[in-house]
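In: I would like to see how this sequence folds:
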Amino acid sequence: MSNYSKNIWFDGKLIPFEEGNIHVLSHCIHYGTGVFEGIKCYDTPKGPAVFRLKEHMERLHKSANSYKIDIPYSVEELCNATLNLIKSNNLKEAYIRPIAFYGFDTLGVHPKDCPVQVAIGTLNWGAYVGKDAIKKGAHITISPWKKYQSLSFPASTKSSGQYLNSLLAVRDAKSRGFDEALLLNTDDTIAEGSGQNFFIIKDNIFHTNDKTSNILMGITRETVLKLVKDLGYEYKVDKITQEDLYSADEAFFTGSASEITPIRKIDEHEFSNGKAGKLSLEIQSLYYDIVRGQNLNYEHWLSYVNQ
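Out: Residues are numbered from 1 along each chain as shown. Okay, here's the model as predicted:
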């Protein structure tokens, strides 16, 4: 528990971490009826700053709307609550987890009068895939578990129940000694990682898949597309086949927790002679400069805690 902060924001109030409890018969526990976000706060020359906070809270609301979860706080209120929470916990850096969910009233599948509860927690969470992976590249595997399809779930939302699919994939990967999993769609095209979007690079052109590939429309993914364009490179958004994958020069994951994680190897197939790719590291370096407040051209993406 030492990685977690002393306070949690829960239903409009700052409370001690130990008091952040819900009833065991809450609807969300039994049916996965919650939506959440993953956000990061970085130490900058102007103090702690949250990267793309507004966009994350907007997506939280969009995810909630897909499940008709009526969040009783506006985007602005949630942004302010996040900044106040970080300040109250005296943090310089943090991983931030907002969540909205159905609480306790009825045990039936239909939530009826179950209250919507909202919480925000902060914790110290380092490199999601691992420190070595960030520097040297991750070794990942094609998962035997397929990605759920958008006709079954709204794939572009971050909802709690849907992540059981990711749990199966990453648990299998870890049990076989890999850093992460890459999920395929039922047509064997590439979907995404267990909690990351996916890019390949071939002949200096960046490729990522589109929403028809049953992926989360990631905020870090969108950020990278902007950076690729600003650096003068070309990108293409379309389905990625396994043939595309194995003929690529480089590959990397993107995500708020994973940041920019180069991929050096998928199963027995190596990229960049088994090392993190040059262009992957170039994007990663620019990304870190931005989130740490060292590139002021993108400062509008930062929400400073102390301003």
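In: can I assume residue 119 is in contact with residue 13?
Out: No - using Cβ atoms under 8 Å, residue 119 is not in contact with residue 13; the gap is 10.3 Å. Every C-beta, even on glycine, is put in place using the N, C-alpha and C of the backbone.
In: Of those two, which one has the most company?
Out: residue 119 (19 against 10; other Cβ atoms under 10 Å).
In: Doesn't that one lie inside a helix?
Out: No - the assignment for residue 119, made by DSSP: H, G, I helix; E, B strand; the rest coil, is strand rather than a helix.
In: for the nearest residue to residue 272 once chain neighbours are set aside, what are its contacts?
Out: When the adjacent residues along the chain are set aside, residue 272 lies closest to residue 250, with 5.6 Å between them (Cβ to Cβ, 6 or more residues apart in numbering). Listed by Cβ atoms under 8 Å, 6 or more residues apart in numbering, the contact partners of residue 250 are 200, 201, 262, 263, 271, 272, 277, 278, 279, 280.
In: Domain ranges for this structure, per the record?
Out: Domains of the chain are assigned by automatic domain parsing as 7-123, 131-291.
In: Those domains into CSV, with extra columns for mean pLDDT and distance to residue 300?
Out: Formatted as CSV, the domains of the chain follow (pLDDT from 0 to 100; distance: least, Cβ to Cβ, whole Å):
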stretch, mean pLDDT, distance to residue 300
domain 7-123, 97, 10
domain 131-291, 96, 10
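In: Ok, which of the ones you listed comes nearest residue 301?
Out: For the domains of the chain, the distance to residue 301 is smallest for domain 7-123, at 5.2 Å, taking Cβ to Cβ.
In: Check the separation of the first and last residues in that closest one.
Out: 10 Å (Cα to Cα, to the nearest Å).
In: looking at this structure, which residue lies furthest from center?
Out: The C-alpha centroid of the chain is most remote from residue 106, which lies 30.9 Å away (Cα atoms, centre = their mean).
In: If I follow the layout properly, that residue ends up in contact with residue 113?
Out: Yes - contact criterion Cβ under 8 Å: residue 106 and residue 113 qualify, at 6.8 Å.
In: ok, and the closest non-adjacent residue to residue 106?
Out: residue 112 (4.9 Å).
In: how about the helices in the chain?
Out: Ranges of helices within the chain are 27-31, 53-66, 75-88, 131-136, 163-175, 219-230, 242-246, 278-291, based on DSSP state H.
In: returning to what we had before: now the contacts of residue 250 in CSV, with neighbour count and distance to residue 3?
Out: Compiled in CSV, those are given as follows (neighbours: other Cβ atoms under 10 Å; distance: Cβ to Cβ, whole Å):
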residue, neighbour count, distance to residue 3
200, 24, 33
201, 23, 34
262, 27, 25
263, 30, 26
271, 24, 32
272, 21, 33
277, 23, 31
278, 13, 33
279, 21, 33
280, 27, 28
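In: out of those residues, which are inside strands?
Out: Residues of those located in strands (DSSP state E): 200, 201, 262, 263.
In: which pair in these spans the largest distance?
Out: Largest separation among these by Cβ to Cβ: 200 and 262, giving 11.5 Å.
In: Mutual contacts of those two, please.
Out: 250, 251.
In: show me the contacts for the nearest residue to residue 51 once chain neighbours are set aside.
Out: The shortest distance from residue 51 to any non-neighbouring residue, by Cβ to Cβ, 6+ apart, is to residue 291 (4.8 Å). Contact analysis of residue 291 by Cβ under 8 Å, 6+ apart lists 40, 42, 49, 51, 259, 302.
In: list the contacts for the fifth one?
Out: For residue 259, the set of contacting residues under the criterion of Cβ under 8 Å, 6+ apart consists of 40, 127, 128, 134, 220, 284, 287, 288, 291.
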